[in-house]
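Asker: Only the shape, not the letters, is given here:
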């Protein structure tokens, strides 16, 4: 089997309202898709963030090196991709997902079978959903939306915080807890909106309200101040979603900067790299909760990773890894695949079809391509 073409496809769709984390509002969802074709008719799909330079690296550097190669020679190709792009984990990640999809399809097995088989048939999901809206008061919006998510079957929810004065955000976090009750797992994402001086009191308030983790409260470049924050707060500090390699994650782990690590296969170099990072984190006694804020292709890749990740410990009561299920409007998550992922009793099933286990609807892709 030979790779005959690698195509990048930029897709974009408007949102019905402006929404976002503490630091900005956005009015569109977009993604960069990667389609790898072969001389045997098999096609592999990947997805990554549509940030500046990523498409150029894939088209001008990675694609020419892979055309004509056998996509099943994964170890060889993965090494080639890293060697020529100066460490861009987003470019490698998107292509790696597509190569894994092809690898599984060529053998007629899901990706998890390539790594020894799945550890679970389904995974608990948390709704990654409560984001600020320019037209609503979050202290009214968040509790109402959280209650609706519980009615939909979610047993875990993440809210974005840091976009209001500290006292109002603490009150908002309290109202959400009251709206969903004590048994719903809650987490909070600061999206880099805090200083150390404000992150500490916010983290202590979240501790008192029984939140599970406090995600990336401080600015993420270099993760400066994270080790001090982790030492000071009892609530688990989560982070690392934007890191692009195992070396960057090892530095975070060596510094004791986080309690929960969040690699994203689309951003950190792919599925194989995400699994390596998870194993590395386990040596430090830390949980891995993969980041997932994208379309159906990335969701499918994260589900394949989650099928392979062990529980936090050997205990019968050990915490399983969770799927971050983006529920903010996104046609690339719901419309682009023939069978969108569904929540059943708080769980999402691991896809069992070949490769990623999904079927991409190219008519939908073409509708949104730019």
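Answerer: Received, thanks. Note that the coordinates shown come from a computational prediction; the quantities given were computed from them, not determined experimentally. Residues are numbered from 1 along each chain as shown.
Asker: Residue 214 and residue 205 touch, don't they?
Answerer: No. Applying C-beta atoms under 8 Å, one finds residue 214 not in contact with residue 205, separated by 9.9 Å. (Each C-beta comes from the backbone N, C-alpha and C, glycine too.)
Asker: who's more crowded, those two?
Answerer: Applying other C-beta atoms under 10 Å to residue 214 and residue 205 shows that residue 214 carries more neighbours, namely 29 against 21.
Asker: which SS state does the more buried one fall under?
Answerer: strand (DSSP: H, G, I helix; E, B strand; the rest coil).
Asker: quick check: longest helix of this structure.
Answerer: helix 89-107 (DSSP state H).
Asker: what's the spacing between residue 348 and residue 297?
Answerer: 15 Å (C-beta to C-beta, to the nearest Å).
Asker: right, I mislabeled it, should have said residue 139
Answerer: 35 Å.
Asker: neighbour count winner among those two?
Answerer: residue 297 (27 against 16).
Asker: give me the low-pLDDT residue ranges for the chain?
Answerer: Applying pLDDT under 70 to the chain flags no residue at all.
Asker: residues touching the spatially most central residue of it, list them.
Answerer: Closest to where the C-alpha atoms of the chain average out (C-alpha atoms, centre = their mean) is residue 292, at 1.6 Å. Taking C-beta atoms under 8 Å, 6 or more residues apart in numbering, we find residue 292 in contact with 128, 264, 298, 299, 302, 323, 324, 325, 326.
Asker: all helices for this protein, in order.
Answerer: Under DSSP H, the chain gives helices at 54-56, 63-66, 74-83, 89-107, 111-114, 138-152, 166-180, 196-208, 226-232, 246-254, 271-283, 296-308, 331-334, 362-368.
Asker: As a markdown table, the ones you listed with distance to residue 5 would be great.
Answerer: As requested, the helices of the chain are exported to a markdown table (distance: least, C-beta to C-beta, whole Å):
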| stretch | distance to residue 5 |
| --- | --- |
| helix 54-56 | 15 |
| helix 63-66 | 8 |
| helix 74-83 | 15 |
| helix 89-107 | 12 |
| helix 111-114 | 22 |
| helix 138-152 | 40 |
| helix 166-180 | 48 |
| helix 196-208 | 47 |
| helix 226-232 | 42 |
| helix 246-254 | 30 |
| helix 271-283 | 22 |
| helix 296-308 | 18 |
| helix 331-334 | 21 |
| helix 362-368 | 14 |
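Asker: Those helices: which one's closest to residue 7?
Answerer: helix 63-66 (8.6 Å; C-beta to C-beta).
Asker: how about the contacts of residue 292, which pair is most distant?
Answerer: 264 and 325 (14.0 Å).
Asker: what about those two, which has more around it?
Answerer: Legend: neighbour count by other C-beta under 10 Å for residue 264 and residue 325, higher for residue 264 (28 against 23).
Asker: In contact with that one, which residues are there?
Answerer: Per C-beta under 8 Å, 6+ apart, neighbours of residue 264: 93, 241, 242, 274, 290, 291, 292, 293, 298, 302.
Asker: Then residue 161?
Answerer: So residue 161 contacts 22, 169, 172, 173, 188, 189, 190, 193, 202 (C-beta under 8 Å, 6+ apart).
Asker: Test my guess that residue 255 contacts residue 228.
Answerer: No. Using C-beta under 8 Å, residue 255 makes no contact with residue 228, being 10.2 Å away.
Asker: Same drill for the two, tell me which one is more crowded.
Answerer: residue 228 (15 against 12).
Asker: Can you give me the separation between that one and residue 202?
Answerer: 15 Å.
Asker: how far away is the residue nearest to residue 111 when sequence neighbours are not counted from residue 323?
Answerer: Spatially, and ignoring its direct neighbours in sequence, residue 111 is nearest to residue 304 (4.1 Å; C-beta to C-beta, 6 or more residues apart in numbering). Distance from residue 304 to residue 323, counting by C-beta to C-beta: 11 Å.
Asker: Tell me which of these two has more neighbours.
Answerer: Per other C-beta under 10 Å, whichever of residue 304 and residue 323 has more neighbours is residue 304, with 29 against 26.
Asker: So residue 330 is in contact with residue 293, correct?
Answerer: No. At 9.2 Å, residue 330 and residue 293 do not qualify as touching, with contact defined as C-beta under 8 Å.
Asker: Correct me if wrong: the residue nearest to residue 111 contacts residue 354.
Answerer: No. Assessed by C-beta under 8 Å, residue 304 is found out of contact with residue 354, at 11.5 Å.
Asker: Name the residues contacting each of those two.
Answerer: residue 110.
Asker: ok, how many other residues are close to residue 143?
Answerer: Neighbour tally, residue 143, other C-beta under 10 Å: 21.
Asker: In contact with it, which residues are there?
Answerer: 172, 175, 176, 178, 179.
Asker: Tell me the one among these nearest to residue 235.
Answerer: Among the contacts of residue 143, and counting by C-beta to C-beta, the member closest to residue 235 is residue 176, at 15.3 Å.
Asker: and that closest one, how many neighbours does it have?
Answerer: 26.
Asker: Surely it is in contact with residue 148?
Answerer: No. Using C-beta under 8 Å as the test, residue 176 is too far from residue 148 to be in contact (11.9 Å).
Asker: what comes up buried for whichever strand in the chain runs longest?
Answerer: If you go by DSSP state E, the chain has its longest strand at strand 3-20. Under the neighbour-count criterion of 16 or more other C-beta atoms under 10 Å, strand 3-20 has 3, 6, 8, 9, 11, 13, 15, 19, 20 buried.
Asker: Contacts only, for the third one.
Answerer: Same thing as residue 8. 32, 33, 34, 35, 55, 58, 59.
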